[in-house]
Each structure stands twice: as structure tokens, then as C-alpha cells.
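Visitor: predicted model and sequence below, questions to follow.
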Amino acid sequence: MKAAVWYAKKDIRVENVDEPVVEAGEVKIKVEWAGICGSDLHEYVAGPITIPTEAPHPLTKGTAPVIMGHEFAGEVVEVGKNVTQVALGDRVTVEPMITCGKCKACRQGRYNLCEVIAAFGMSGVGGGFSEYTVVSEDMVHKIPEHMSYELAALVEPTAVAMHAVKLSNLKVGDTVAVFGAGPIGLLTVQASFLAGAKKVFAIELSEERRKVATKLGAVAISPAESDVAEEIMKQTAGDGADISFEATGVPVVLEQAVNSTKMGGEIVIESLWESKPELDANSLVFKELNLIGSIGYRNIFPTVIDLIADGKLEVSDLVTKKIALDNIVEEGFESLLQEKSQVKILIKP
């Protein structure tokens, strides 16, 4: 079968590999659609970041090269022994976290904070950028018949945004600022409105992405055309945003978020970083700001599936291109780097 395999930074190859074999407790999925995630792009541009290249991952026991792809959906075409919750023909999406189940975080149900967490499609095992893939039964979530595979492939990134909003102290009537209108940022815009936000600002350089944010109901601001903090203060009668979400991983943006948030407000960081940002701690102290991090998601996939399937989250607006697996490098990864109009690119294996 064909698969997109990560070997090193800027080295992803579409090649023929053996079809994965189903073992006890596992299911084989024919992948219908898969999405390129921001973390995939990080690995392509600056990796390895989370992909193990020398020592095997403690859970998966694998190293690079690895088939990438962790946002995907498809049809179950084979089940292993002892599988009871999934059957042939089931339409499914996959929650791609692999956890130990033994550490303190796992025992508390906070499995996204597992001490040795692995990601399917990254941590030496995977992935969704292939014609077929095999996952553990407990990673599989069924989707309703009326939900398309394209929408189901967007459940994973939507869960990231929903988890960040759920972690925050966002209250009905709050004003929110979302820094970055990529997939996670745009999904955070929608999740904020769903949680009761009265007004949401979307701060984004790309004009095309600002248009999507505006379509979703946000007030779009270009940081190239105005001082972001000044503009937000102006539009909030000098108060600032109650909650700010940082979804870029760009150091200067974190400073903008601090300056744009009201006294006693909150900043939620939901991005991954290729560098270590510098931040004046006094800027947090003098405004008594709360700063929290959000990673992945937990116990939220079924809710997200229902919200998307029922049309309460319009995630289809994020899809800007659909391509074949053969073109994943030039039309996928390179396109995301060079064309700021791109938001979410889906792959058809």
C-alpha cells in the first residue's frame, strides 16, 4: 500500500509499504480522509520534535521512519480477536493518543498528561497518511451515518480547541481574543461562541484566514495594520479581553496576548513551540493574569462528534484544499508553508 513516511526534517516520502497486520484487540481501517495538522507541519519544518529518531519510544517501542497522520477517519475492514465494541463496516474516526494507563495522570483520568504519552502517526507508530492503518480498539470512535468522512477527519483538531475552551474560565457574555486563525484558532473561535462568548476577536496576518474568521462571526484584526492591544482596548471600552487564546506558537504574539487581556483575565496557550519565548513576568504580575497551558484533549471525542454531526460546529469552512496522497509534500506541506490562504488540507489516500 502507499503511505507518506517521515524520515527527517523536510524528508517525507510517499512510498509502498507492507499493509499493517491486525492483532488481538486491534482494528484495521481503510482511511477515507486525513488532515495535515500543525504539529505535522512542525515535524516537517523543524523536526524531530516529538518523533523518536534514536532511542525507541517507551510505549510504542518504535522510531523513525514513521508513517505520519493522526487526523483521519475511515471504514473498519478487519477486526482482531477479542474486539467487542467495533464491527466490520463501522464508520469511525480515531483518537490518536497512546497512554500508559499506569502513571498518576492516567490514574486520575487526565490521560492527555500521561508521563510517557505517545501519538499515533508520530511516536514511532502510525499513521493516517496511508491506505490502511491499524489501531487499538479503544482509540476508535464510531460516527453517525449522516456524518461525512471529511467532517470526521476534523474531529481531532476540533477536540483540541474544545478542550482549551473547556479548561478556561470562559463565562457567558465574555469577550475573547484568539491569536492565530489557523485551524486550531478558527475552531477556538467557534468553540468560544458555543461556550457563550459575546464577542470574539481573531488576530491573524492572512487576509484569507481573516475572511474565514469573519464568516464565523469573529471581529478580525490584522496585526500588520494596527496595534492589536490598542485596537482591542478601543473596542472593549478600555477593558481588554476576558480570555485570550494563543494559537500561533510565535513569541511576539504571546506578548500581544498579555497586553490585550484585561486585569485579572486569563491567557490559554494551546500552541506548540519550536523556540522558547521570552516573557516579562512583571507583565503578568501587575495585571494579576492567569496563564495556563492546554495540551490535546481528554474525554471529549463523543461530544465533538455530536456537535459536528448535528451542525452546531461548522468545521467544513476550514477545508481549503483536498489532494491525493501522492501530492502530499508539494500540494500539502509546501502549500501550507507558502500559501497563507490555506487553512486545512485533507488527504485522500
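Guide: Perfect, thanks for sending it. Residues are numbered from 1 along each chain as shown.
Visitor: pLDDT value on Glu334, please?
Guide: We have a pLDDT of 97 for Glu334.
Visitor: ramachandran coordinates for it?
Guide: phi -70, psi -30 (degrees, to the nearest 10).
Visitor: again, but for the one 10 residues further on
Guide: Torsion angles at Lys344 (phi, psi; degrees, to the nearest 10) stand at phi -120, psi 130.
Visitor: next one: Pro157
Guide: phi -60, psi -30.
Visitor: how far away is the closest residue to it other than its chain neighbours from Ala195?
Guide: The shortest distance from Pro157 to any non-neighbouring residue, by Cβ to Cβ, 6 or more residues apart in numbering, is to Pro183 (5.2 Å). Placement of C-beta: from N, CA and C, glycine included. Distance, Pro183 to Ala195, using Cβ to Cβ, to the nearest Å: 18 Å.
Visitor: okay, the two: which has more neighbours?
Guide: Pro183 (28 against 17; other Cβ atoms under 10 Å).
Visitor: for the stretch 1-150 of the chain, which segments count as helices?
Guide: 38-46, 104-107, 149-152 (DSSP state H, counting those that start in this stretch).
Visitor: tally of neighbours for Ala24?
Guide: Close neighbours of Ala24, defined as other Cβ under 10 Å, add up to 9.
Visitor: doesn't Asn82 make contact with it?
Guide: Yes. Ala24 lies in contact with Asn82 (Cβ atoms under 8 Å); the separation is 5.2 Å.
Visitor: the residue lying farthest from the centre of the chain: what secondary structure?
Guide: Largest separation from the mean C-alpha position in the chain: Ala237, at 33.1 Å (Cα atoms, centre = their mean). Classification of Ala237 using DSSP: H, G, I helix; E, B strand; the rest coil returns coil.
Visitor: quick one: it from Lys262, how far?
Guide: 11 Å.
Visitor: same check on Val155?
Guide: In terms of Cβ to Cβ, Val155 sits 33 Å off from Lys262.
Visitor: what sits against the residue nearest to the spatial centre of the chain?
Guide: In the chain, the C-alpha nearest the mean C-alpha coordinate belongs to Pro157, at 3.3 Å (Cα atoms, centre = their mean). Pro157 makes contact with 35, 37, 71, 183-184, 187, 344, according to Cβ atoms under 8 Å, 6 or more residues apart in numbering.
Visitor: give me the buried positions along stretch 240-258.
Guide: 240-250, 253-258 (16 or more other Cβ atoms under 10 Å).
Visitor: those in helices, which ones?
Guide: Using DSSP state H, 253-258 are the members of the buried residues of stretch 240-258 that sit in helices.
Visitor: any chance of these in CSV with distance to Glu145 and pLDDT as columns?
Guide: Shown next, in CSV, are these (distance: Cβ to Cβ, whole Å; pLDDT from 0 to 100):
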residue, distance to Glu145, pLDDT
Val253, 41, 95
Leu254, 43, 94
Glu255, 47, 94
Gln256, 44, 96
Ala257, 41, 97
Val258, 46, 96
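Visitor: let me see the contact set for the residue nearest to Pro157.
Guide: Neighbour list for Pro183: 35, 37-38, 157, 318, 343-344 [criterion: Cβ under 8 Å, 6+ apart].
Visitor: low-scoring stretches of the protein, by residue?
Guide: By pLDDT under 70, the chain has no low-scoring segment.
Visitor: could you chop it up by domain?
Guide: If you go by automatic domain parsing, the domain ranges for the chain are 2-153+314-348, 160-293.
Visitor: pull up the distance across the shortest one, start to finish.
Guide: Start-to-end span of domain 160-293 (Cα to Cα, to the nearest Å) is 12 Å.
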